[in-house]
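> Here is a sequence with its predicted model. Questions after.
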Amino acid sequence: MEFHGKVLQICMAAHDMVGAAEAHGRLGRIHVEQGDLDLAIERHEQQVAVASAAGPEAMEQKRDGQRSLVSAYGQQAEAAEKAGDTAGAIATHEKCLEAARQCGDVAGEGLTQHRLGMTLAAAGETERAMQCQRLYRDACAAQQPVDLVGQGKACQALAAAAQAKGDTDAAANYLEDCIELASRAEDTAAQSRGCAALGALHRSNGNHAASVQYFEKFFELARAAETEEEPTEEQTQSDAAGGLRLADTARAALGLARGNAQMAVFADVVQKDLSALLAWRNRRTPLQAAEA
């Protein structure tokens, strides 16, 4: 640290702006390693400022500083979220976006849009959150190769936001997209989450047939995943302690969905032909015979 500080002083005294920018960058990286993000960000901001003043000859040092700021701002925003400083997290995410744009970091810009969208959604700013997620989805689609996993995460976040707005049709469409993208990416875990979320959405809307359909897919995927993968030590310990495996959770959700579907059929019979139901109950004969 002391050595690089002296190098910075010498470069500044000699009006070597390229060397000074590089020294600021090295000091910034040291502060990151030491866990002092505030000082790291200050150094990288100075790196960008000094490199900008130096002109085209320090373009690489400027971009290096901006790339470092994308990472540091991202970490600072995450720390602000954990501390409950939502406004600070949003402001820092926006700084991160600007740094990513300036250095042409398309992937970093997209990921920051996703993180900003999640923070905005938690703060209740649903429309802005959805716009961020759409931009993230577009950025993932523009990458080579296409980031199918990222697109799926965007669609999942968009579904949650749409559901928060009460637009269940849009939420269902986004979840369908999420499942399709996860299938193309061969991401079984994401497929499972998408099917479970869509099954729950249809259940809340009273569409029990569709709910059963997606919970059946959820169960099939969960069971297939357990068959294909060796259990981890944590999973083995969880089973021994009586913890639920994913397949157990899926089986319970499917049973509940089927039960709800049967209750809907029963309620329909009660409403449409109560006399036939009572005759069946009294005679202990099949319902079809009672109707005859």
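Arrived safely, thanks for sending.

> which residues of the stretch 51-200 of the chain score low on pLDDT?
For the stretch 51-200 of the chain, no stretch has pLDDT under 70.

> which residues in it form helices?
For the stretch 51-200 of the chain, the helices defined by DSSP state H, counting those that start in this stretch occupy 59-82, 86-103, 106-122, 126-142, 148-165, 168-184, 188-204.

> Just put these in TSV and tack on distance to residue 24.
For every residue, glycine as well, the C-beta is placed using N, CA and C. Output for those, formatted as TSV (distance: least, C-beta to C-beta, whole Å):
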stretch	distance to residue 24
helix 59-82	7
helix 86-103	15
helix 106-122	20
helix 126-142	29
helix 148-165	32
helix 168-184	41
helix 188-204	41
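
> could those be laid out in CSV, adding mean neighbour count?
Below are the helices of the stretch 51-200 of the chain laid out as CSV (neighbours: other C-beta atoms under 10 Å):
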stretch, mean neighbour count
helix 59-82, 20
helix 86-103, 19
helix 106-122, 21
helix 126-142, 20
helix 148-165, 22
helix 168-184, 20
helix 188-204, 21
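
> just so I know, which of the ones you listed lies nearest residue 212?
helix 188-204 (7.8 Å; C-beta to C-beta).

> What angle do helix 148-165 and the closest one make with each other?
Angle between the axes of helix 188-204 and helix 148-165 is 20 degrees (criterion: axes from the mean of the first three to the mean of the last three C-alpha atoms, to 10 degrees).

> Give the next helix or strand downstream of helix 188-204.
helix 208-228 (DSSP states H and E).

> Now do the buried residues in that next one.
208, 210-222, 225-226 (16 or more other C-beta atoms under 10 Å).

> quick one, that helix and helix 168-184 angle?
Using the same axes, to 10 degrees, helix 208-228 lies at 20 degrees relative to helix 168-184.

> And the average pLDDT for helix 208-228 is what?
For helix 208-228, the mean per-residue pLDDT is 78.

> roughly how far out does it sit from the chain middle?
Distance of helix 208-228 from the chain centroid (C-alpha atoms, centre = their mean, to the nearest Å) equals 22 Å.

> tell me which strands and helices it is in contact with?
helix 188-204, helix 246-272 (3 or more C-beta pairs under 8 Å, 6 or more residues apart in numbering; DSSP states H and E).

> Least confident of those, on average?
Mean pLDDT per stretch puts helix 246-272 lowest among those, at a mean of 61.

> Tell me the one among the buried residues of helix 208-228 nearest to residue 20.
residue 225 (54.0 Å).

> contacting residues for the residue most central in space within the chain?
Nearest to the geometric centre of the chain sits residue 153, at 4.5 Å (C-alpha atoms, centre = their mean). Taking C-beta atoms under 8 Å, 6 or more residues apart in numbering, we find residue 153 in contact with 114, 136.

> From residue 190, how far off is it?
To residue 190, residue 153 is 8 Å away according to C-beta to C-beta, to the nearest Å.

> Give the phi and psi angles for residue 85, as a check.
Note on residue 85: backbone dihedrals following degrees, to the nearest 10 are phi -90, psi 80.

> which residues touch it?
Going by C-beta under 8 Å, 6+ apart, the list of residues near residue 85 is empty.

> and residue 15, what element?
Going by DSSP H and E, residue 15 is not part of any helix or strand.

> hang on, the earlier thing: distance of the residue nearest to the centre of the chain from residue 140?
As judged by C-beta to C-beta, residue 153 and residue 140 stand 8 Å apart.
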